[in-house]
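Trainee: how would this look folded up:
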Amino acid sequence: MADGPSLTIGFDITRTQAALRTVPEYRGALGQLIASFPSGRMTDRLSAAVPIDSFLASISALGAWARPDSVVWEEDFRLLVTEMLDTADTAERLLSGSPDEDTVEPESVPALLSDDWIGPLTPFQLRDIARLLSVRHGANFSVPGAGKTRVSLAVFSALRQRGAVTRMLVVSPKSAYEAWQWEPEQCFATGLDVQVLGKTVPASADILLVNYERLDRALAGLSQWLEAAPAMLVLDEAHRMKLGGAGVYGAACMALGPLSRVRMILSGTPAPNGAKDLENLLSFVWPGHGRRVVTQAVDGGDLAHASRVLRPLYTRTTKEELGLPPMETRVRRIPMPPLHREIYDALVGKLSARAAADRTDFESLGKTALRLLMAATSPALLVAGSTRYEPLYFRVPPLEVAEGDPLSMLLRRLPDYELPPKYQETLSIVSANAEAGRKTLIWTSFVRSITSLQALLAPFQPAAVHGGTPDREAELRRFRKDPDCSVLISNPATLGEGISLHQVCHDAVYVDRDFQAGQFLQSLDRIHRLGLALDTETRVTVLTAEGTVDEVVAVRLAQKLDFMGRILDDPEVQQLGDPEEEVPLAAGMDAADVRALLEHLGAGAV
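Mentor: Residues are numbered from 1 along each chain as shown. All right, here's what the predicted structure looks like:
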């Protein structure tokens, strides 16, 4: 039997996984051992790799190794594992409710901050800072507008004051950069060196900003930056990595997490699709432990119990605590005109006699949920234009539908035969709001729908923001500053995070919604945030085409919001899944009414 080590454990070359190496005599034993790690894999005949989270979660499997006395741990990896296991013990004590001598009280927070801290803090922010300092690694699930950025900076200030960290890496969407650059100027008298990751990793930055899209390509440089000095790692809008190790963003975050001294996640929507999202988020905070905690808490199906169990691990400020005026959320069920209904039914396989001849075309168009969502608004959005996002132009009054015309031809020329009822309702809402001096924010998932609404609502001088907008800031500035610009049209994927519109806009219309509960909640908060006057009337209208995929989306969103509200013990989130129904404004309008309205507004007929 060899006298040397039978098993060596350390980092792999990327420093993002545990590397296990053995000798020929124990090749079979290594294969058996790796089978105990769910995500482990052999990398060659004598070596294996295991993601660090998986390694920590199943570390007890090492007890079965035949020669434990000859296992060698590389020092830097041993220190990491020791720190991670200590962290897990801390989390276990928190969950059990055991008193901890390191608990920080809110009233003691100001004395813990650095001398150059000048940022004012609200009582709920002091409470959140105290909680996060008490748990060391933590999660801040407060609603948008509660000041999660400022709370994180205060935690950083206190930790730097005590010498626990010296720098901070912030992973966030680009839309949040402005807040991370502006807030340090308001909170620190001497300022901080805040830099955005460029072609190289700046060694001097106090705070380094990087977006999720760049994370994977910059992994090696960021790993070195985190290890060069004790660092705090913050994931802002952390739901972006909700897929955990199964997603590109999540895998990169999970790899960087253990290299930091302090880990923190920020998200107002931590579980948009259920427990699995929360498992992955807390696995980043507490590798090897967070996933198991959530699974055990939720396993019995009692979400009220799960909320009580998990509550020590995160802090959350609710909208009720912010003292915001209520938000009125209503759904307007929109019936589809006969031709629209016939085409939509053909897309989902309910073929009329006229549609049967075009069956192949309609089956190919209706294969995806996104296409059905488009069709619920207007099937014409599915027909290719001369350019990718060519707007639809509608004839008012519409042409009459001839009985013998093939359905495929009618689909290609649909804007000549109908103004989509959702657009008609949107036009009515915008017109009424503009007359009352109120601006309107319109949400629609598809860029072609944005451009079509731009054309239809031209009299209101709409601003529009989507992924291809050349100057997004100019469009937002026009909506905020120009009194003649009564409308902003965007999609939640582009504008759902990082901006505030509540100073100028108190009405939102959802022309359509998709299945992403997190994006829906985030988009709602663009006009319902801290700073609203108590007498502000905030109105949200959701348009739903009757008998379409819109109704499926509504049910699934309600279920997801109910889960999130229960797990976070926040009834307001649950209530958003069940909006009140109201009669559409445009229900009594016929084609002549629409034409008269457009002529009055100066748009004329197409």
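
Trainee: Check the burial of Arg341 by counting its neighbours.
Mentor: Residues lying near Arg341 (other Cβ atoms under 10 Å) number 17. For every residue, glycine as well, the C-beta is placed using N, CA and C.

Trainee: Pull the contacting residues for it.
Mentor: Under the criterion of Cβ atoms under 8 Å, 6 or more residues apart in numbering, the neighbours of Arg341 are Gly547.

Trainee: Wasn't it part of a helix?
Mentor: Yes: the assignment for Arg341 is a helix, going by DSSP: H, G, I helix; E, B strand; the rest coil.

Trainee: Give me the pLDDT value at it.
Mentor: You'll see Arg341 listed with a pLDDT of 91.

Trainee: Could you do Val487 as well?
Mentor: 98.

Trainee: how about the nearest residue to it, chain neighbours excluded?
Mentor: In this structure, Val487 finds its nearest non-sequential neighbour in Pro462, 3.9 Å apart by Cβ to Cβ, 6 or more residues apart in numbering.

Trainee: my read: that neighbour touches Ser490, true?
Mentor: No: using Cβ atoms under 8 Å, Pro462 is not in contact with Ser490, being 10.2 Å away.

Trainee: shared neighbours, these two?
Mentor: Listed as contacting both Pro462 and Ser490 by Cβ under 8 Å, 6+ apart are Ile442.

Trainee: In terms of packing, which of these two has more residues around it?
Mentor: When Pro462 and Ser490 are compared for neighbours, Ser490 comes out ahead with 27 against 23, by other Cβ under 10 Å.

Trainee: Pro421: neighbouring residues, count only.
Mentor: Pro421 has 22 neighbours, counted by other Cβ under 10 Å.

Trainee: for the stretch 1-150 of the chain, what are the low-confidence residue spans?
Mentor: The model of the stretch 1-150 of the chain has pLDDT under 70 over residues 1-2, 16, 91, 94-101.

Trainee: Do a quick rundown of the strands in it.
Mentor: In the stretch 1-150 of the chain, the strands defined using DSSP state E, counting those that start in this stretch lie at 7-11, 17-22, 41-44, 47-51, 71-73, 138-140.

Trainee: Can you name every helix or strand that the second one contacts?
Mentor: Of the remaining helices and strands, those touching strand 17-22 by 3 or more Cβ pairs under 8 Å, 6 or more residues apart in numbering; DSSP states H and E are strand 7-11, helix 27-34, strand 47-51, helix 52-57.

Trainee: Roughly how far does the closest residue to Val511 other than its chain neighbours sit from Thr317?
Mentor: Distances taken as Cβ to Cβ, 6+ apart place Thr444 nearest to Val511, at 4.1 Å, with adjacent residues excluded. Distance of Thr444 to Thr317, given as Cβ to Cβ, to the nearest Å: 31 Å.

Trainee: In terms of packing, which of those two has more residues around it?
Mentor: The residue with more neighbours, out of Thr444 and Thr317, is Thr444; 28 against 24, by other Cβ under 10 Å.

Trainee: ok, and what's touching stretch 411-425?
Mentor: Here stretch 411-425 makes contact (Cβ under 8 Å, 6+ apart) with 332, 334-337, 339-340, 343, 376-380, 382-383, 392-396, 398-399, 401, 410, 452-453, 456, 511-512, 543, 545, 584-586, 589, 591, 594, 606.

Trainee: Dump the helix or strand Glu572 falls within to PDB, keeping only the CA atoms.
Mentor: Secondary structure assignment for Glu572, by DSSP states H and E: helix 571-576. Written as PDB, here are the backbone C-alpha positions of helix 571-576 (Å, rounded to 0.1, in the frame of the first residue of the first chain):
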ATOM      1  CA  PRO A 571     -50.700  39.500   1.600                       C
ATOM      2  CA  GLU A 572     -50.400  42.400  -0.800                       C
ATOM      3  CA  VAL A 573     -48.500  40.200  -3.300                       C
ATOM      4  CA  GLN A 574     -51.200  37.600  -3.000                       C
ATOM      5  CA  GLN A 575     -53.900  40.100  -3.700                       C
ATOM      6  CA  LEU A 576     -52.300  41.200  -7.000                       C
END
